[in-house]
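Asker: Could you work out the structure for the sequence below:
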Amino acid sequence: MLTWPAPPLQWIGHTRAVTSISCSPNGYHIVTGSNDKMIRIWDTETGATFGNPLNGHTGDVESVAYSPDGRHIISGSNDMMVRIWDAENGATVGRPLEGHTDYVWSVAYSPNGQYIISGSEDKTIRIWDAETGTAIGTPLEGHTASVQSIAYSPNGQYIISGSSDDTIRIWDANTGAPVGHPLEGHTDTVCSVAYSPNGCHIISGSVDRTLRIWDAKTSAAIGRPLEGHKEMVRTVAYSPNGQHIISRSCDKTIRIWDAETGTAIGTPLQGHTWGVYSVAYSTNGEHIISVSGDFTIQTWDAKTGAALGIPVVGHTAAVTSVVYSPDGRYIISGSADMTIWIWDAETGAIVGKPLQGHTDTVWSIACSPNGQRIVSGSGDKTIQIWDTEIGAAVMRPLEGHTKGISSIAYSPNGQRIISGSTDRTIRIWDAETGTAIGEPLKGHTSYVRSVAYSPNGRRIISGSGDKTIWTWDAKTGAAIGNPLEGHTGDVNCVAYSPDGQHIISGSHDRTIWIWDAETGAGVGKPLEGHTDWIQSVVYSPSGKHIISASHDRKIRVWDAKTCAVIGKPLMAHADEVISIC
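Answerer: Numbers count the residues shown, from 1 in each chain. Okay, here's the model as predicted:
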């Protein structure tokens, strides 16, 4: 085992309290609003800020939210304004939405992204056209105190609101008319409200330290209040499958509840953790290596699932990528600390000094087939080639991409390098000279998250945030056939089977797909089992097994033929596993 203890990532930037947080639909960014009047966007894997702060509000930012397509961010402030921002460049979109006469406490998008709603200290809710920013109809009135939290139903037909008048109200989203009577039961301010994914239930959290579950159709309370928090409940939410409820309290804990029974699950979670980023097999297939946002690298026995080795110390930030050398003697890791480390696979000892030269996170690394070179791709938009013997760069950085490098790979003969970037393109490079070959491969409409060569080197595959996989002719750069479609979330990782007959892909939709490499047809049903997005997938050298790493902090082994899970998940990381090999 290669591991070192470390605290969670600290995201430093705001100068006053953070009041609101929202995750982008693809999970790669988080937006935060603060009492410092600023909005900041962060990279979820490294904790680094993405671009400059969004500056425009003249008062504390009380609420932020992403649009369903991730292209825009909305914010509400005690300057009484709602603002719309471009999530890519941070620019304001149109003029501020004006109409409220007091603090804006909560903002949200409709599920289709066409409307924005805002709740205010002025006791009203307003509906806005997301495209034009114009108010739609008259304010929704009924609460007798400030509106603290608002949300749409999953089908977009209803709006719910929680208020300092201790009640929850349901509204018709089309007409603005109240639906039924107020939901009464809390004995203090309702701080947070949310619908279950199927729209059948509503959950609420209150200053009275309890959570309550309600029937969305009848407005009746279901069961007794959920008790356990020692201070006010600030935030409530359902899990995507609707089976669990999570709550965050001023008592500094997070609790998980069974949505069906209302019972607390386990003990309170005190302190944040992350998931599994990536996994890979050793060349002989006997070991599995995994890396995590907890700064650790873990080695496992591929047969028994037992953790191996002793702790060692090295990286000072999240480990983002890991590979074995072709002869299996070394492990190479890349990190958000901008360095690459080489380790003795047998002893876990550090070999030589860190490879330094990148000025941003090292997102991807690969080893040449002869083991003499390492190539790395970074958020600094460059690719570096290193000599493994002397630990130095062999040439100037390869430049050409206009945004960060997310994935990199050598061709099977070692003569070419391919790179995928958040600029939505793939580039092919001469591994000996570092010169770009031909024009960039274009076709994806979002970030290119992963690239790989076929075993015979004739084809390239790429997975993207546009939910598709493309196949390319490695010689001409032309797209082959239609994109492989089936995933409902970003495709984070792709790989060929050793015989080249199949392609596997892992996605933000928590599934793994197997595809016929020749026809592009899906093979069997998706592999399901992970409870969070898939970060990395690889075949065993024999092609008999598939291993996957997920943000749920688990590594799973699958039978490649039957698609059945083999044994229990490998669990040891206290944070997400980023890479496996």
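
Asker: alpha carbons only for contacts and neighbour counts from here, please
Answerer: Noted.

Asker: In this structure residue 118 contacts residue 103, no?
Answerer: No - judged on Cα atoms under 8 Å, residue 118 makes no contact with residue 103 at a distance of 10.3 Å.

Asker: What is the least confident helix or strand in the chain?
Answerer: strand 276-281 (a mean of 41; mean pLDDT, DSSP states H and E).

Asker: pLDDT at the closest residue to residue 336 other than its chain neighbours, what is it?
Answerer: The shortest distance from residue 336 to any non-neighbouring residue, by Cα to Cα, 6 or more residues apart in numbering, is to residue 361 (4.1 Å). We have a pLDDT of 88 for residue 361.

Asker: Ok, the one 5 residues further on next?
Answerer: The predicted local confidence for residue 366 comes out at a pLDDT of 93.

Asker: Just the element for it, please.
Answerer: In the assignment (DSSP states H and E), residue 366 maps to strand 362-367.

Asker: Give me the sheet partners of that strand and which way each runs.
Answerer: strand 373-378 (antiparallel) (DSSP bridges).

Asker: mean confidence for the helix or strand following the strand it pairs with?
Answerer: Later in the chain than strand 373-378, the nearest helix or strand by DSSP H and E is strand 382-387. Strand 382-387 comes out with an average pLDDT of 96.

Asker: what does stretch 28-35 give?
Answerer: 82.

Asker: Going by neighbour count, which residues in it are buried?
Answerer: 29, 30, 31, 32, 33, 34, 35 (16 or more other Cα atoms under 10 Å).

Asker: Helix, strand, or coil at the fifth one?
Answerer: To tie it back to what came earlier, the one meant is residue 33. Put simply, residue 33 is strand when judged by DSSP: H, G, I helix; E, B strand; the rest coil.

Asker: For residue 146, list the residues it contacts.
Answerer: 119, 120, 121, 122, 123, 124, 163, 164, 165 (Cα atoms under 8 Å, 6 or more residues apart in numbering).

Asker: distance of the first one from residue 42?
Answerer: Going back to what we said before, that points to residue 119. 26 Å (Cα to Cα, to the nearest Å).

Asker: Pick out whichever of these two has more residues nearby.
Answerer: residue 119 (31 against 19; other Cα atoms under 10 Å).

Asker: Quick check: phi and psi at the residue nearest to residue 336.
Answerer: phi -50, psi 140 (degrees, to the nearest 10).

Asker: domain parsing for the protein?
Answerer: 17-107+124-136, 142-269, 276-580 (automatic domain parsing).

Asker: okay, and for the stretch 101-250 of the chain, where does confidence drop off?
Answerer: By pLDDT under 70, the weakly predicted segments of the stretch 101-250 of the chain are 250.

Asker: where along it do the helices fall?
Answerer: Applying DSSP state H, counting those that start in this stretch to the stretch 101-250 of the chain gives no helices.

Asker: can you map out the strands along it?
Answerer: For the stretch 101-250 of the chain, the strands defined by DSSP state E, counting those that start in this stretch cover 104-109, 115-120, 124-129, 140-141, 147-152, 158-163, 167-172, 183-184, 190-195, 201-206, 211-215, 221-226, 233-238, 244-249.

Asker: For the first one, which helices and strands make contact with it?
Answerer: The reference is to strand 104-109. strand 61-66, strand 72-77, strand 115-120, strand 147-152 (3 or more Cα pairs under 8 Å, 6 or more residues apart in numbering; DSSP states H and E).

Asker: The ones you listed: which one's closest to residue 323?
Answerer: strand 61-66 (34.7 Å; Cα to Cα).

Asker: could you check the angle strand 72-77 makes with the closest one?
Answerer: Taking axes from the mean of the first three to the mean of the last three Cα atoms, to 10 degrees, one finds strand 61-66 and strand 72-77 inclined to each other by 160 degrees.

Asker: which residues make contact with strand 61-66 from outside it?
Answerer: 19-25, 31-39, 72-78, 104-109.

Asker: try stretch 16-24
Answerer: 29-36, 61-66, 70.

Asker: For it, which residues meet the burial criterion?
Answerer: 18, 19, 20, 21, 22, 23, 24.

Asker: same check, this time on stretch 510-517
Answerer: Here stretch 510-517 shows 510, 511, 512, 513, 514, 515, 517 as buried, counting by 16+ other Cα under 10 Å.

Asker: Equivalent analysis for stretch 327-340, please.
Answerer: 328, 330, 331, 332, 333, 334, 335, 336, 337, 338, 339, 340.

Asker: Next, format the buried residues of stretch 16-24 as a markdown table and append distance to residue 385.
Answerer: Below are the buried residues of stretch 16-24 laid out as a markdown table (distance: Cα to Cα, whole Å):
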| residue | distance to residue 385 |
| --- | --- |
| 18 | 41 |
| 19 | 43 |
| 20 | 41 |
| 21 | 38 |
| 22 | 37 |
| 23 | 34 |
| 24 | 33 |
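
Asker: Looking at those residues, which one is closest to residue 215?
Answerer: Residue 215 lies nearest to residue 22 out of those, by Cα to Cα, at 26.1 Å.

Asker: Kindly indicate whether the closest one is helix, strand or coil.
Answerer: On the basis of three-state DSSP, residue 22 is classed as strand.

Asker: Run through the bridge partners of it.
Answerer: residue 31.

Asker: Equivalent analysis for residue 418, please.
Answerer: residue 409, residue 428.

Asker: Residue 384 and residue 397 touch, don't they?
Answerer: Yes - in this structure, residue 384 is within contact of residue 397 by Cα under 8 Å, at 4.9 Å.

Asker: Would you mind telling me which of residue 118 and residue 103 has more residues around it?
Answerer: Counted by other Cα under 10 Å, residue 118 and residue 103 do not tie: residue 118 has more neighbours, with 30 against 23.

Asker: now residue 421: how far from residue 69?
Answerer: Distance from residue 421 to residue 69, by Cα to Cα: 20 Å.

Asker: And for residue 466?
Answerer: Distance from residue 466 to residue 69, by Cα to Cα: 11 Å.

Asker: do residue 187 as well
Answerer: In terms of Cα to Cα, residue 187 sits 37 Å off from residue 69.

Asker: Quick one: end-to-end distance for stretch 439-455.
Answerer: Terminal residues of stretch 439-455 lie 23 Å apart, using Cα to Cα.

Asker: and if you look at stretch 460-470?
Answerer: For stretch 460-470, by Cα to Cα, the gap between its terminal residues amounts to 8 Å.

Asker: Repeat that for stretch 32-40.
Answerer: Across stretch 32-40, the terminal residues are separated by 5 Å (Cα to Cα).

Asker: picking that back up, next, format the buried residues of stretch 510-517 as a markdown table and append distance to residue 391, pLDDT and secondary structure.
Answerer: Output for the buried residues of stretch 510-517, formatted as a markdown table (distance: Cα to Cα, whole Å; pLDDT from 0 to 100; DSSP: H, G, I helix; E, B strand; the rest coil):
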| residue | distance to residue 391 | pLDDT | secondary structure |
| --- | --- | --- | --- |
| 510 | 38 | 90 | coil |
| 511 | 38 | 93 | strand |
| 512 | 36 | 95 | strand |
| 513 | 38 | 96 | strand |
| 514 | 38 | 96 | strand |
| 515 | 38 | 96 | strand |
| 517 | 37 | 95 | coil |
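
Asker: could these go into JSON lines alongside distance to residue 212?
Answerer: Conversion of those to JSON lines gives the following (distance: Cα to Cα, whole Å):
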{"residue": "510", "distance to residue 212": "29"}
{"residue": "511", "distance to residue 212": "32"}
{"residue": "512", "distance to residue 212": "36"}
{"residue": "513", "distance to residue 212": "38"}
{"residue": "514", "distance to residue 212": "42"}
{"residue": "515", "distance to residue 212": "45"}
{"residue": "517", "distance to residue 212": "50"}
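
Asker: Relative to residue 431, which of those residues is nearest.
Answerer: residue 517 (25.9 Å).

Asker: If I look at the residue nearest to the closest one when sequence neighbours are not counted, what pLDDT would I see?
Answerer: In space, residue 517 comes closest to residue 502 once its chain neighbours are excluded; the distance is 4.8 Å by Cα to Cα, 6+ apart. On the pLDDT scale, residue 502 is placed at 96.
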